[in-house]
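Student: Provided below for reference: sequence and predicted model.
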Amino acid sequence: MSEQSERAGANGAGQGAHATERAGGAAGAKPPGPYKVVVVGMGKRGMHHATAFQANDRFELVGLCDIDQKRVDDAAGKLGVALKGTDAAAIARVAKPDVFCFCTLPSIRTSMIEIGIASGAKLIAMEKPVALTSAEGFTVRDLVAKSGIKVVVSHQHRYGQHYQKVGEVVASGALGRINTVYATATGWMMHMLSHLIEYSRWYAGNPDAEWVMAQAAGRSKFGDVHPSPDYIAGFVHYANGVHGVIECGAGAPDVPEADAWWRKCRIGAQGTDGFAEVLTGGGWRAVTKTGSSSGPGSMNYDLDMPPYIQDIAGWLDGTRVHPCNFDGAYKGFEIMMAFCRSVAEGGQIALPLTTPADEIALLTRAVADRKVRFGMAGSAKEYQA
Ligand SMILES: NC(=O)c1ccc[n+]([C@@H]2O[C@H](COP(=O)([O-])OP(=O)(O)OC[C@H]3O[C@@H](n4cnc5c(N)ncnc54)[C@H](O)[C@@H]3O)[C@@H](O)[C@H]2O)c1
């Protein structure tokens, strides 16, 4: 399966229904746009997004917002954007953007989706995770479905050359029949788990999940802005028979080859004829019937954001569905929420989820008050030992 067909194949109904769209106009005609963009939340990721939109001539950055006046002033000065403010709805009303992008912390999702839809934008670009709870995730999903708006969720690591290379090895068939996908990260759940699921599900062929089972330990990150158990691990059974094995947080193993603690992630696929895996901060490697191979690569926002943003133009043009579309992200989000429910309720959890819940509250009640144990000594400084 080529990267192109993988991308088309990544989409189910709903958001994926746009897969058949084609850009209008004669060959060589000027492309549509530039598409007007508003970016809300001028922290780390908001600046990454705003900078990448501004650098792409298919887009025009027309408005910026942050509740922190100094932050939005500094960003507007740096990026040379005149329309700025602390009220996202007001900025969106004035700007009438084609793309409403928000990069606020995970606690703010529904209100931003509502503002994006009300603004008349054709596409919302949001940060992961989809939400903190299934209750909010259901609301977001229903708003997106009802409005028909296109949504992309920023799992942009997949653009890394090493992530792509593993995708190519899997798609080439060189691993034979894929039976297992796996993913580990030392960073905690609300930061890292949706990334691990997104990419391991990609290597599994983007199947639906049928059930999960998980366990968790450690309470020191429940008060974090990315509220999480310190360590969560579990299994995913996919409809195509592939099994996923995922570990996220304090107990996850070291990836000695990685160049930074946050990049100690290993995501791969095993098949009947070999394996291939990406190390977020340490390149890729594969062993197949014909021998072993490896190559470089480390997660790099400067390299990953431009193609991620370019694919937003492609989806708006109607040439192809964005690989980070909401349908795929939502399926991963449900797997994450099902992990949490398995921790709280015990046993296997069937997917799709049918009833809303507050998974963080469930976890806070369920996770034992015992110190977490570490998978590598270097994780102790990131968690309260
Ligand atoms: N995709 C990735 O690789 C990646 C990496 C890091 C973080 N993230 C995600 O990006 C999101 C943002 O993370 P960050 O590190 O940029 O956070 P940040 O704290 O640096 O920035 C968030 C900004 O949002 C602003 N904000 C909060 N409420 C607002 C509101 N109602 N209106 C306008 N602005 C508001 C804050 O003042 C702050 O400036 C999170 O969901 C995080 O999980 C993704």
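Tutor: Received, thanks.
Student: May I see the buried residues of stretch 82-95?
Tutor: Residues of stretch 82-95 classed as buried under the neighbour-count rule (16 or more other Cβ atoms under 10 Å) are 84, 85, 88, 89, 91, 92, 95. Just so you know, the C-beta spots here come from the backbone N, C-alpha and C atoms, and that holds for glycine as well.
Student: Pick the one among these closest to the ligand.
Tutor: When the buried residues of stretch 82-95 are compared for distance to the ligand, the smallest value, 4.9 Å, is given by residue 88; criterion: Cβ to the nearest ligand atom.
Student: Looks like that closest one contacts residue 115 (just checking).
Tutor: Yes: if you go by Cβ atoms under 8 Å, residue 88 and residue 115 touch, sitting 5.3 Å apart.
Student: overlap in contacts of those two?
Tutor: With contacts taken as Cβ atoms under 8 Å, 6 or more residues apart in numbering, the residues that reach both residue 88 and residue 115 are 40, 102.
Student: quick one, what contacts the residue in the stretch 151-300 of the chain positioned nearest to the ligand?
Tutor: With distances taken as Cβ to the nearest ligand atom, the stretch 151-300 of the chain approaches the ligand most closely at residue 154, which sits 4.2 Å away. Residues touching residue 154, when contacts are defined by Cβ under 8 Å, 6+ apart, comprise 45, 49, 103, 125, 126, 127, 128, 308, 324.
Student: could you dump the residues you listed to a markdown table with pLDDT?
Tutor: What follows is the contacts of residue 154, written out as a markdown table (pLDDT from 0 to 100):
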| residue | pLDDT |
| --- | --- |
| 45 | 98 |
| 49 | 98 |
| 103 | 98 |
| 125 | 99 |
| 126 | 98 |
| 127 | 98 |
| 128 | 98 |
| 308 | 98 |
| 324 | 98 |
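Student: Could I get those residues in JSON lines, plus columns for distance to residue 349?
Tutor: Below are the contacts of residue 154 laid out as JSON lines (distance: Cβ to Cβ, whole Å):
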{"residue": "45", "distance to residue 349": "30"}
{"residue": "49", "distance to residue 349": "33"}
{"residue": "103", "distance to residue 349": "30"}
{"residue": "125", "distance to residue 349": "30"}
{"residue": "126", "distance to residue 349": "25"}
{"residue": "127", "distance to residue 349": "26"}
{"residue": "128", "distance to residue 349": "21"}
{"residue": "308", "distance to residue 349": "31"}
{"residue": "324", "distance to residue 349": "25"}
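Student: can you list those residues in TSV and add distance to residue 268, secondary structure and neighbour count?
Tutor: Shown next, in TSV, are the contacts of residue 154 (distance: Cβ to Cβ, whole Å; DSSP: H, G, I helix; E, B strand; the rest coil; neighbours: other Cβ atoms under 10 Å):
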residue	distance to residue 268	secondary structure	neighbour count
45	26	helix	21
49	29	helix	30
103	29	coil	22
125	28	strand	25
126	28	strand	26
127	25	coil	23
128	21	coil	23
308	22	helix	23
324	20	coil	25
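Student: Of the residues you listed, which ones also sit close to the ligand?
Tutor: Contacts with the ligand within these, as defined by Cβ under 6 Å from any ligand atom: 45, 103, 127, 128.
Student: Of these, which is the nearest to residue 71?
Tutor: The shortest approach to residue 71 among these belongs to residue 103, at 11.7 Å (Cβ to Cβ).
Student: In the protein, what helix or strand scores lowest on average pLDDT?
Tutor: When the helices and strands of the chain are scored by mean pLDDT, DSSP states H and E, helix 3-9 comes last with a mean of 34.
Student: right, and the helix or strand after that helix?
Tutor: The C-terminal neighbour of helix 3-9 among helices and strands, as given by DSSP states H and E, is strand 35-40.
Student: Neighbouring strands - and their directions - for that next one?
Tutor: According to DSSP bridges, strand 35-40 has the following sheet partners: strand 59-65 (parallel), strand 99-102 (parallel).
Student: From the chain's centre, how far out is the following helix or strand past the last one? Work that out for me.
Tutor: Meaning strand 99-102. Towards the C-terminus, the helix or strand next in line after strand 99-102, according to DSSP H and E, is helix 110-118. Its chain's average C-alpha position is 19 Å from that of helix 110-118, according to Cα atoms, centre = their mean, to the nearest Å.
Student: Name the residues of helix 110-118 that come out as buried.
Tutor: Applying a neighbour-count criterion of 16+ other Cβ under 10 Å, one finds 112, 113, 115, 116, 117 buried in helix 110-118.
Student: Ok, stretch 35-45 next?
Tutor: Residues 35, 36, 37, 38, 39, 40, 41, 42, 45 are the ones in stretch 35-45 that count as buried (16+ other Cβ under 10 Å).
Student: closest to residue 220 among those residues?
Tutor: Closest approach between those and residue 220, by Cβ to Cβ: residue 45, at 23.9 Å.
Student: give me every residue that touches the closest one.
Tutor: Contact partners of residue 45, counting by Cβ under 8 Å, 6+ apart, are 103, 127, 154.
Student: How much space separates it from residue 143?
Tutor: 22 Å (Cβ to Cβ, to the nearest Å).
Student: And residue 74, by the same measure?
Tutor: With Cβ to Cβ as the criterion, residue 74 and residue 143 are 32 Å apart.
Student: Pick out whichever of those two has more residues nearby.
Tutor: Neighbours per residue (other Cβ atoms under 10 Å) separate residue 74 from residue 143, with residue 143 holding more: 18 against 14.
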